[in-house]
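> predicted model, plus sequence, below.
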Amino acid sequence: MRILRRALLGSLWAMIGWKPSFAAQVSPETMTQEEASSVTPRHVLCFLGRDRDLSRLSEAAGKAIHDFATGFSIDEDYSQAEPDDRMSRSFDVCWDRVEPDAWSETDEKAVAAHQSVLYILGPSMAQAETVKVSMTALRLVERLIEAGAVAVKGESAGIAHGLDRWRALIRQGAEAQKAGDPLAEQRIGRLAFAKRPLSARGYLESVGFHLVGLPEVYVPETAGSERQVVAIMDAVADEIGKQGLDPTLKARGASLTFDSTYEVDEFKFNPYGVLKLAG
């Protein structure tokens, strides 16, 4: 597994100016919990098409929005019926490096050969609605893959999977919903739309856990190999889902901070804070 530096994780939304919802401009280094709570996360999804014609994907998206994806919308400003030469680099940075065989050479070739780009914006999410909305986002991914999308990326955390991996996550999400298992839904939403591990200031960190209502998890680099650290991140996230934040902080000897290395107007900013494990 290869760690990607934060500086490389410049997702496309940063280039073209989307902003999350927030109440006031404050410095992330002095953020309080009250100030952080004014930020509401949202999904931004990127779909690549094989033809210089967005009608098939946009019509499928419009029908999905009408059928079940209330609050989602097609971004008319930045979607385009032509290729974007930044996509190969952007997907290369964003491919999931945790799951074995998360993408293939076929997926890379599909990105390189794409001929159109469709962006879909999710609604601003209250914390209690994040898992539900993320499951809806996963169903939306399913619809657009069925309609011919050749590659999919979650812009809000900078994460991309190959089509086979997306399909596996979609199946798992559907099974969790059918079973009425909200913890499984939260876990699958996290695996689908969050990125880990990234390296920053002596820690390996997650990004995107806010998309399922969780704080980020920062683990000291000295805690083990990258795969061991990822296992710790996932275990801590599951513990928060099962037993709550305060018991997890106490059991893990961890601290919660609202200081962030992401700006308030970045989609990667987590309004639920950062759980830091002790070194």
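Nice, I can see it.

> pLDDT score assigned to Ser21?
We have a pLDDT of 47 for Ser21.

> I'd like the numbering to begin with 46 instead of 1 from here.
Will do, 46 is the new start, and the previous item becomes Ser66.

> confirm Arg87 sits in a strand?
No - applying DSSP: H, G, I helix; E, B strand; the rest coil, one finds Arg87 to be coil, outside a strand.

> just checking, it touches Ser169?
Yes - between Arg87 and Ser169 there is a contact at 5.1 Å, judged by C-beta atoms under 8 Å. For glycine as for every other residue, the C-beta is placed from the backbone atoms N, C-alpha and C.

> more neighbours: which of the two?
Set Arg87 next to Ser169 and count neighbours by other C-beta atoms under 10 Å: Arg87 wins out with 21 against 16.

> which ones are touching the spatially most central residue of the chain?
For the chain, the residue nearest the mean C-alpha position is Phe238 (3.0 Å; C-alpha atoms, centre = their mean). Neighbouring residues of Phe238 by C-beta atoms under 8 Å, 6 or more residues apart in numbering: His88, Ser179, Ala182, Gly199, Ser201, Ala202, Ile204, Gly253, Leu256, Val257.

> dump the residues you listed to CSV, plus secondary structure, neighbour count and pLDDT.
Compiled in CSV, the contacts of Phe238 are given as follows (DSSP: H, G, I helix; E, B strand; the rest coil; neighbours: other C-beta atoms under 10 Å; pLDDT from 0 to 100):
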residue, secondary structure, neighbour count, pLDDT
His88, coil, 27, 97
Ser179, helix, 28, 98
Ala182, helix, 25, 98
Gly199, strand, 27, 98
Ser201, coil, 28, 96
Ala202, coil, 28, 96
Ile204, strand, 25, 98
Gly253, coil, 26, 97
Leu256, helix, 28, 98
Val257, helix, 28, 98
